[in-house]
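Visitor: have a look at this prediction, sequence included:
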Amino acid sequence: MGSETSLKLPIIDFSNLGQNPGAAEWDLVKLQVRKALEEYGCFEALFDKIPAEIRKAIFGAVEDFFDLPLETKRLNASKKPFHGYLGQYPKVPLFESLGIDDATIAEEVESMTRILWPQGNQNFSNTIVSFSEQVLELDHIVRRMIVESLGLEKYLDEHMNSTYHLLRVMKYKGPETTETKLGLRSHTDKNIVTILYQNQVDGLELQTKDGSWIDLKPTPDSFVVMIGDSLYAWANGRLHSPHHRVMMRGNAARYSVGLFFGPQSRLYD
Ligand SMILES: O=C(O)CCC(=O)C(=O)O
Ligand SMILES: [Fe+2]
């Protein structure tokens, strides 16, 4: 089970797709999605609909949040797992995260923002909402392709209408030693689809079916799309739900932003 850095994830380009299910280009991309999810349960997506300004701004917003004093961040603690602020996880002290419900609903995000910045921080809430809205589009395309490729089109609306999403922003402090340290333990996601976007500090690793680990190195233009156990079950095991982890090296902090789409049956409650 050694580390294997030469392996690379498939890169799938959604940029020239349009919203045109049934077109030749759509079917071609759909096939790539199906193949990647069968083999790796994951791929890198190029999606240029999300403007570069938003992709850049999101890390400014995320850093603004993590730079707040601990007492302020804790104002957003939640009893629900993965929701609200989660800091200095006992076993992985490099990790902090904030889960934001209803990240596409401006009023909800604004009211959460006011808890953190009573004087307001319009930039933070605007950026969170715009980013989430755009990632939602990518999720819809990917999930539509998955459902079609499984031959389950007749359940598409039912499926789409029965899901829920949670935005989580994450910070992994650099270990500031020469050693590699665990940032997030190996796990599979329990939800349906996860879409991740990171700053340019790598650390996410994905386990292949034969047990080797791939170091993911997404570019500023790419999103990591991964499936979780709920979709694995829904697809009767035809798609792979991969183990993944975060390993940190060096001094720089890694920031990542993930949209987690799960069944509405209160997966995260
Ligand atoms: O930070 C990342 O890139 C991965 C996070 C992750 O796997 C998770 O929160 O489930
Ligand atoms: Fe995960």
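Guide: Everything's here; your move. Numbers count the residues shown, from 1 in each chain. Ligands and ions are numbered 1, 2, ... in the order given.

Visitor: quick check on the residue lying closest to residue 221 once chain neighbours are set aside: phi, psi?
Guide: Sequence neighbours aside, residue 46 is the residue nearest to residue 221 in space, at 5.7 Å (criterion: Cβ to Cβ, 6 or more residues apart in numbering). Any C-beta I mention is one placed from the backbone N, CA and C, and that applies to glycine too. When quoted as degrees, to the nearest 10, the phi and psi of residue 46 stand at phi -100, psi 130.

Visitor: correct me, but residue 46 touches residue 17?
Guide: No: with contact defined as Cβ atoms under 8 Å, residue 46 does not count as touching residue 17 (10.4 Å).

Visitor: more neighbours, those two?
Guide: residue 17 (18 against 15; other Cβ atoms under 10 Å).

Visitor: how about low-confidence regions in this protein?
Guide: 1-6, 18-21, 88-93, 265-269 (pLDDT under 70).

Visitor: near ligand 1, which residues of it show up?
Guide: Applying Cβ under 6 Å from any ligand atom, we find that the chain lies next to ligand 1 at 170, 184, 189, 196, 198, 204, 244, 246, 256, 258.

Visitor: who's in contact with residue 62?
Guide: Contact analysis of residue 62 by Cβ atoms under 8 Å, 6 or more residues apart in numbering lists 169, 171, 255, 257.

Visitor: one more time with 7 Å
Guide: 169, 255, 257 (Cβ atoms under 7 Å, 6 or more residues apart in numbering).

Visitor: any chance of a ChimeraX selection covering the buried ones in those residues?
Guide: Those of these that count as buried under 16 or more other Cβ atoms under 10 Å are selected in ChimeraX with:
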select :169,255,257
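
Visitor: give me the phi and psi angles of residue 72.
Guide: Torsion angles, degrees, to the nearest 10, at residue 72: phi -70, psi -50.

Visitor: in strands, which of the contacts of residue 62 fall?
Guide: 169, 255, 257 (DSSP state E).

Visitor: wait, the residue nearest to residue 221 sits on residue 14?
Guide: Yes: assessed by Cβ atoms under 7 Å, residue 46 is found in contact with residue 14 at 6.4 Å.

Visitor: tell me how far the nearest residue to residue 140 once chain neighbours are set aside lies from ligand 1.
Guide: Leaving aside its sequence neighbours, residue 140 sits nearest to residue 160 (Cβ to Cβ, 6+ apart; 7.1 Å). Remark: distance between residue 160 and ligand 1 (Cβ to the nearest ligand atom, to the nearest Å) = 22 Å.

Visitor: what is the burial count for residue 160?
Guide: Residue 160 is flanked by 14 other residues according to other Cβ under 10 Å.

Visitor: who are the contact partners of the residue nearest to residue 221?
Guide: So residue 46 contacts 11, 13, 14, 15, 221, 222 (Cβ under 7 Å, 6+ apart).

Visitor: repeat that for residue 242.
Guide: Neighbours of residue 242 in contact, by Cβ under 7 Å, 6+ apart: 40, 41, 42, 188, 206, 207, 226.

Visitor: list the buried residues of stretch 193-213.
Guide: Neighbour-count burial for stretch 193-213 flags 193-199, 201-208, 212-213 (criterion: 16+ other Cβ under 10 Å).

Visitor: just those: which are in strands?
Guide: Assigned to strands by DSSP E, the following of the buried residues of stretch 193-213 qualify: 193, 194, 195, 196, 197, 198, 204, 205, 206, 207, 213.

Visitor: not counting its neighbours along the chain, what's nearest the last one?
Guide: Using Cβ to Cβ, 6+ apart and skipping residues adjacent in sequence, the residue nearest residue 213 is residue 205, 4.7 Å away.

Visitor: which stretches in the stretch 1-150 of the chain count as helices?
Guide: With DSSP state H, counting those that start in this stretch as the criterion, the stretch 1-150 of the chain has helices at 24-39, 52-66, 70-74, 106-116, 122-149.

Visitor: just these: most buried one?
Guide: helix 122-149 (a mean of 20; mean count of other Cβ atoms under 10 Å).
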